[in-house]
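>>> 3D model of this:
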Amino acid sequence: MGKKILFAAAWIAMLLLAADILQPLRTLVTKPIVEGCLIPDFMQFYLAGKLVREGRSAELYHPPTYEAMAAELGAQGNGVYSYRFNRPAFAALLSVPFSWFSYVTAARIGVLANFAFLGFLVWKLP
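From the prediction side, this is the model:
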């Protein structure tokens, strides 16, 4: 009897933890997070990838470039939050594939890829 209660408690704890982990994913699919901006910290990667894809990598650290690009995203109905790229320039290359999609689609793909990677790591645990 004691083992059954312990087993049930472990399952309940695991389900609550899974629900807590999956909450950001539900929020991502259903509504914007900050002032109409979906995944606000992703914007810097998206815009940096877009600059590299367009051959404008020399402008990665030029703030007026980001202001113009953020205004363009804002005109498409996306909220604008933190958008200046503050990583090493080579890291912008990893963001180029996201620039092939709209911002909202790219942000959702990024979060889903992170969850998939997390699932893969958990699966590979010994």
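>>> helix, strand or coil for Phe85?
coil (DSSP: H, G, I helix; E, B strand; the rest coil).
>>> mind checking how far it is from Ser95?
Noted for Phe85: a distance of 9 Å to Ser95, by CB to CB, to the nearest Å. Every residue, glycine included, has its C-beta placed from N, CA and C.
>>> And for Lys50?
From Lys50 to Ser95 the distance is 8 Å (CB to CB).
>>> Could you list the low-pLDDT ranges of this structure?
When residues are selected by pLDDT under 70, those of the chain lie in 1, 16-40, 74-83, 126.
>>> could you redo the last one with a cut-off of 90?
Residue ranges of the chain with pLDDT under 90: 1-48, 50-51, 54-92, 94-95, 99, 102-126.
>>> returning to what we had before: what touches both of Phe85 and Ser95?
Applying CB atoms under 8 Å, 6 or more residues apart in numbering, one finds that Phe85 and Ser95 are jointly contacted by 45, 48.
>>> Can you get me a residue count around Ala9?
Using other CB atoms under 10 Å, Ala9 has 10 other residues around it.
>>> before we move on, which element is it in?
Using DSSP states H and E, the element containing Ala9 is helix 2-30.
>>> Alpha carbons of the next helix or strand after that helix, in PDB - could you do that?
Once helix 2-30 ends, the next helix or strand along the chain (criterion: DSSP H and E) is helix 43-53. Only the C-alpha atoms of helix 43-53 are listed here, as PDB (Å, rounded to 0.1, in the frame of the first residue of the first chain):
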ATOM      1  CA  MET A  43      13.900  39.600 -31.900                       C
ATOM      2  CA  GLN A  44      17.600  40.400 -31.800                       C
ATOM      3  CA  PHE A  45      18.400  37.000 -33.300                       C
ATOM      4  CA  TYR A  46      15.800  37.300 -36.000                       C
ATOM      5  CA  LEU A  47      16.900  40.800 -37.100                       C
ATOM      6  CA  ALA A  48      20.600  39.800 -37.000                       C
ATOM      7  CA  GLY A  49      19.900  36.700 -39.100                       C
ATOM      8  CA  LYS A  50      18.000  38.900 -41.500                       C
ATOM      9  CA  LEU A  51      20.900  41.300 -41.800                       C
ATOM     10  CA  VAL A  52      23.400  38.500 -42.600                       C
ATOM     11  CA  ARG A  53      21.000  37.000 -45.100                       C
END
